[in-house]
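**Student:** Compute the structure for the input listed below.
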Amino acid sequence: MQLSQEVHNKVIEFQRAEITEHHIYKRLAKRIKSEENAKIIDQIAEDELRHYNGWKKFTNEEVQPRWLIVWFYYIVSVVFGFTFGVKLMEMGEEGAQKNYAAIAKEIPEAITYQNEENAHEQKLIGMLDEERLRYAGSVVLGLNDALVELTGALAGLTLALQDVKLIALSGLITGIAASLSMAASEYLSTRSEDTGKHPVRAAVYTGIAYIITVTLLILPYLLFTNYYLDLAISLTTAVIIIAIFNYYISVAKGESFRERFTEMAGLSLSVAAFSFVIGYFIRIWLGVEV
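**Tutor:** You can find the predicted model right below:
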């Protein structure tokens, strides 16, 4: 089939995308410990290669993958989990779907062929099972509780104590004690429920998420002497943590980012604002001068 130059160039890009993803999936399949998940990823890799060869029939050209993209998604998948990496990559493909209609006049089967491939890939991706996503609820519990409790505590302590060392000391004591308490509560809760999660692992995920959040929120008070600036940095850090985590969950689980982010950020900042006011009135009521 003789293609116009414009369509030929588009099909070449389709080929490049497919062979790039083939190499990404092949590398991930070799790294994944779960035999079942490895088979799923390897199957997706073979589908991408078949798709590449399908486009090749129209161009009769060999196309090299984008190796920088291959290693980018491979590293992202290793660091943040293969489910996140695979779904993030599939999200990137959605923009390319608009181009398929543009070449349908010269290659009628293009849309049908691509839709079949995408449906197959999404079905396979839906079968993926990864430990870190099974315990996402435990991480949410640790993050949410630490953000709500500690942003509120730091806001109240900032106005009540007005001393960065005392605020940091009080925040660390509060945070560490609360992280151990939350981990213990998650252990008992998971053990009493039939969730399929290991109680110790659930507790560890909750505790680690809590401690990391506590560390990041208190860090400004250990670096800067202006407590109002420290509070502003801590609240900004809290919003960034909420945004990053909710983006991860929205991609990995296919949930709404805006709804989750708005709810979590609104709750944390509202508690912080309320605690800031409460800290002021308690300081006046007790007549505390630091």
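
**Student:** in the stretch 51-200 of the chain, which spans are helices?
**Tutor:** All helices of the stretch 51-200 of the chain, identified by DSSP state H, counting those that start in this stretch, fall at 67-80, 82-93, 97-102, 109-126, 131-134, 136-161, 164-192, 199-223.

**Student:** got the angle between the first one and helix 82-93?
**Tutor:** Same thing as helix 67-80. Between helix 67-80 and helix 82-93, the angle comes out at 140 degrees (axes from the mean of the first three to the mean of the last three CA atoms, to 10 degrees).

**Student:** can you start the count at 44 instead of 1 from here on
**Tutor:** Sure, I'll start counting at 44 from here, so that last one is helix 110-123.

**Student:** Point out the other helices and strands that helix 110-123 packs with.
**Tutor:** Contacts defined by 3 or more CB pairs under 8 Å, 6 or more residues apart in numbering; DSSP states H and E place helix 110-123 against helix 48-74, helix 125-136. No exception for glycine: its C-beta is placed from N, CA and C like everyone else's.

**Student:** just to revisit the earlier point, dump the helices of the stretch 94-243 of the chain to CSV, plus mean pLDDT.
**Tutor:** CSV is the format used below for the helices of the stretch 94-243 of the chain (pLDDT from 0 to 100):
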stretch, mean pLDDT
helix 110-123, 88
helix 125-136, 74
helix 140-145, 65
helix 152-169, 70
helix 174-177, 63
helix 179-204, 74
helix 207-235, 84
helix 242-266, 86
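
**Student:** Name the stretch among those that sits most buried.
**Tutor:** Mean neighbour count (mean count of other CB atoms under 10 Å) peaks for helix 179-204 among the helices of the stretch 94-243 of the chain, with a mean of 23.

**Student:** just how off-centre is it within its chain?
**Tutor:** 20 Å (CA atoms, centre = their mean, to the nearest Å).

**Student:** Same check on stretch 86-102?
**Tutor:** 30 Å.

**Student:** Identify each buried residue in that stretch, please.
**Tutor:** 86-88, 90-92, 94-95, 97-99, 101-102 (16 or more other CB atoms under 10 Å).

**Student:** same deal with stretch 53-72?
**Tutor:** 53-55, 57-72.

**Student:** May I have that stretch as CSV, with CA atoms only?
**Tutor:** Extracted in CSV, the C-alpha atoms of stretch 53-72 (Å, rounded to 0.1, in the frame of the first residue of the first chain):
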residue,chain,number,x,y,z
LYS,A,53,2.5,8.9,11.7
VAL,A,54,2.7,5.2,11.3
ILE,A,55,6.4,5.3,11.8
GLU,A,56,5.7,7.0,15.2
PHE,A,57,3.2,4.3,16.0
GLN,A,58,5.9,1.7,15.3
ARG,A,59,8.4,3.6,17.5
ALA,A,60,6.0,3.8,20.4
GLU,A,61,5.1,0.1,20.2
ILE,A,62,8.7,-1.2,20.0
THR,A,63,9.7,1.2,22.8
GLU,A,64,7.0,-0.3,25.0
HIS,A,65,7.9,-3.8,24.0
HIS,A,66,11.4,-3.3,25.4
ILE,A,67,10.1,-1.7,28.6
TYR,A,68,7.7,-4.6,29.3
LYS,A,69,10.4,-7.2,28.5
ARG,A,70,12.7,-5.6,31.1
LEU,A,71,10.0,-5.4,33.7
ALA,A,72,9.0,-9.0,33.1
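
**Student:** Contacts made by stretch 205-224 with the rest, please.
**Tutor:** Stretch 205-224 has contacts (CB atoms under 8 Å, 6 or more residues apart in numbering) with 185, 188-189, 192-193, 196-197, 200-201, 204, 250, 253-254, 257, 260-261, 264-265, 267-270, 273, 333.

**Student:** just to revisit the earlier point, just the closest of the buried residues of stretch 86-102 to Thr279, please.
**Tutor:** Ile87 (38.8 Å; CB to CB).

**Student:** What strand or helix carries the closest one?
**Tutor:** Using DSSP states H and E, the element containing Ile87 is helix 78-102.

**Student:** Quick one: mean pLDDT for that helix?
**Tutor:** Per-region confidence: helix 78-102 scores 85 on mean pLDDT.

**Student:** now the angle between helix 110-123 and that helix, please.
**Tutor:** Using the same axes, to 10 degrees, helix 78-102 lies at 160 degrees relative to helix 110-123.

**Student:** what packs against helix 78-102?
**Tutor:** Packed next to helix 78-102, using 3+ CB pairs under 8 Å, 6+ apart, are helix 48-74, helix 125-136, helix 152-169.

**Student:** any idea how far Ile276 is from Thr194?
**Tutor:** As judged by CB to CB, to the nearest Å, Ile276 and Thr194 stand 12 Å apart.
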